[in-house]
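K.L.:
Here is a sequence together with a model predicted from it:
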Number of protein chains: 2
Amino acid sequence: MTPEKPLRADARRNRARILAAAEEVFAEHGDAASTEEVAARAGVAIGTVFRHFPTKRDLLAAIMKDLRARLVDRAQSLAAEGDPATALFDYFGFLVESSARIGTVVSLLAEEGTSVEPGEQVRALTDRFGEFLEAARDAGTVRPGVRLDEVMALLTATVHGAVAGAWSDDLRHRTVARVLDALRAADGPGTRKPRGTESCAGPSELG
Amino acid sequence: MTPEKPLRADARRNRARILAAAEEVFAEHGDAASTEEVAARAGVAIGTVFRHFPTKRDLLAAIMKDLRARLVDRAQSLAAEGDPATALFDYFGFLVESSARIGTVVSLLAEEGTSVEPGEQVRALTDRFGEFLEAARDAGTVRPGVRLDEVMALLTATVHGAVAGAWSDDLRHRTVARVLDALRAADGPGTRKPRGTESCAGPSELG
DNA sequence: TGAAATTATGAGCCATGACTCATCTTGTCA
DNA sequence: TGACAAGATGAGTCATGGCTCATAATTTCA
């Protein structure tokens, strides 16, 4: 799978610079970013960019792969260390926050027809959510009847909304809280009463 | 405000054709659509398009104005004829459905920095939602504490999600239902029990 | 019906941006 | 250290797409 001969020192350095620059530039301008600007910001000639990534699509694919790897990593550590009852909600929130920081690129994260095919990494991400969802079901922290595709759809929506709309931090937090309320059991995490009390409609006052 | 001399017959006809074609083409390709394709689909030369709309931006602005006018109209009729207690939810659903049908254009509906400034029409839309929200509060159908900016944020998110993700009709309906659950009071519209029963966490099974 | 004005046409102009290639530079390794 | 291969460079090619303008076609109205 990786029988690639080691790169020369400068090549390795340049490749890293290009990836870093590309992540910035694509975050700012999305798909519309120009390869030339990536080269400029990396302090490299255009030809160098194309030597490492034969196509703009390839470059995009590379940074998306990195990005997704980082997101999946976080899921791992949440699965290992976090509270299974709240992992679903924690991870959801984490992804939205990351997206807001990363910007326009995310609009390509889950897309199908466009530039980059999601492939196995997105499947991995979905699988993780599946596990978190099951754990949350066991803990009774999600509403009964919530399906995985709904969770993913809500995630897609929130992420896109956060990127497209220019929400303040505060509004973003409140919106995520609302969305999670839609998933959360009435006495789940975020509301105080232990169980079976009358207050099942109160606002969850986060943010 | 409208002291414009009447257009020649063919000019009026062409203008209409161009608008119709543009709506189609932009719905398919979004901002990336080319003026040439619009012209072709309208059965008109490129020059004609540019005579009517000096800039691609202008063309986009024109169809967005039409679009928004239609959406606001619907709000009017809901305000006039619909049930004030559910108008908020009905209108929310209507907008998402329209967007899904209209496609990529909507990604520009609420955007600020980009191509078209929203202007007063978006304000009108927000105002409508404000009224619906108040009515729903009076009727006790929304959770206490729900703010207008949250409603608009959830709307933006859902619309963008519906356009970006390739959701099935079914998934879209379920997702909208979930989002509305986040806004709905526990015994609001969509759940059956009249009031004060123990079942405040059941899925609202729409779709 | 026959000017005169309005509108339509579409071959180009120009800017942008993805991508190539002949040439020069630099890392590597004996 | 010297020679060779891997890599870097950037001017140039090509395609696309917004937009113009000289010319031709229509509409209008007296």
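P.N.:
Received the coordinates, thanks. Numbering: from 1, shown residues only, chains lettered A, B, ... in the order given.
K.L.:
CA only for contacts and neighbour counts going forward, please
P.N.:
Noted.
K.L.:
Break chain A into its domains for me.
P.N.:
Taking automatic domain parsing as the criterion, chain A consists of the domains A:9-54, A:56-183.
K.L.:
Tell me which of the ones you listed is the most buried.
P.N.:
domain A:56-183 (a mean of 19; mean count of other Cα atoms under 10 Å in any protein chain shown).
K.L.:
Is it in proximity to DNA strand D?
P.N.:
No. Domain A:56-183 does not reach DNA strand D (Cα under 7 Å from any atom of the strand); its nearest approach is 14.2 Å.
K.L.:
Output the set of residues of chain A in proximity to DNA strand C.
P.N.:
So chain A meets DNA strand C at A:8-10, A:32-36, A:46-47, A:50, A:54-57 (Cα under 7 Å from any atom of the strand).
K.L.:
Under the pLDDT cut-off, which ranges of chain A? List them.
P.N.:
Low-confidence segments of chain A (pLDDT under 70): A:1-4, A:103-119, A:187-207.
K.L.:
Give me the most central residue, it.
P.N.:
The geometric centre of chain A, computed from its C-alpha atoms, lies nearest to A:Leu95 (Cα atoms, centre = their mean), at 4.2 Å.
K.L.:
Just the element for that residue, please.
P.N.:
Element membership for A:Leu95 (DSSP states H and E) is helix A:87-102.
K.L.:
Residues in contact with whichever helix or strand comes after that helix: which ones?
P.N.:
Scanning forward in sequence from helix A:87-102 by DSSP H and E, the next helix or strand is helix A:119-139. With Cα atoms under 8 Å, 6 or more residues apart in numbering or on different chains as the test, helix A:119-139 has contacts from A:65, A:68-69, A:72, A:75, A:79, A:84-88, A:110, A:142-144, A:148, A:152.
K.L.:
Which single residue in chain A comes nearest to DNA strand D?
P.N.:
DNA strand D sits closest to A:Gly47 of chain A, with a gap of 3.1 Å, by Cα to the nearest atom of the strand.
K.L.:
So what touches the helix or strand hosting that residue?
P.N.:
According to DSSP H and E, A:Gly47 maps onto helix A:46-52. With Cα under 8 Å, 6+ apart as the test, helix A:46-52 has contacts from A:Arg15, A:Ile18, A:Thr35, A:Glu36, A:Ala39, A:Ala40.
K.L.:
pull the CA atoms of that helix into CSV?
P.N.:
Below are the C-alpha coordinates for helix A:46-52, written out as CSV (Å, rounded to 0.1, in the frame of the first residue of the first chain):
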residue,chain,number,x,y,z
ILE,A,46,3.1,26.8,-9.8
GLY,A,47,4.9,24.1,-11.4
THR,A,48,5.9,22.7,-8.1
VAL,A,49,2.3,22.5,-7.0
PHE,A,50,1.4,20.6,-10.1
ARG,A,51,4.4,18.2,-9.6
HIS,A,52,3.0,17.2,-6.3
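K.L.:
doesn't B:Leu155 make contact with A:His160?
P.N.:
No. Counting by Cα atoms under 8 Å, A:His160 stays clear of B:Leu155, with 11.3 Å between them.
K.L.:
Surely A:Ala186 is in a strand?
P.N.:
No. In this structure, A:Ala186 is coil, not part of a strand, as judged by DSSP: H, G, I helix; E, B strand; the rest coil.
K.L.:
any idea how far it is from B:Thr141?
P.N.:
Distance, A:Ala186 to B:Thr141, by Cα to Cα, to the nearest Å: 17 Å.
K.L.:
now do A:Ala166
P.N.:
28 Å.
K.L.:
What of A:Arg172?
P.N.:
Distance from A:Arg172 to B:Thr141, by Cα to Cα: 24 Å.
K.L.:
Ok, A:Ser34 next?
P.N.:
49 Å.
K.L.:
ok, now A:Arg13?
P.N.:
A:Arg13 is 59 Å from B:Thr141, by Cα to Cα.
K.L.:
again, but for A:Arg17
P.N.:
Taken as Cα to Cα, the span from A:Arg17 to B:Thr141 is 54 Å.
K.L.:
My understanding was that A:Glu37 contacts A:Glu23; is that so?
P.N.:
No. Contact criterion Cα under 8 Å: A:Glu37 and A:Glu23 do not qualify, at 11.6 Å.
K.L.:
What sits closest to A:Lys65 if chain neighbours are left out?
P.N.:
Distances taken as Cα to Cα, 6 or more residues apart in numbering or on different chains put A:Gln121 closest to A:Lys65, at 7.8 Å, once the chain neighbours are dropped.
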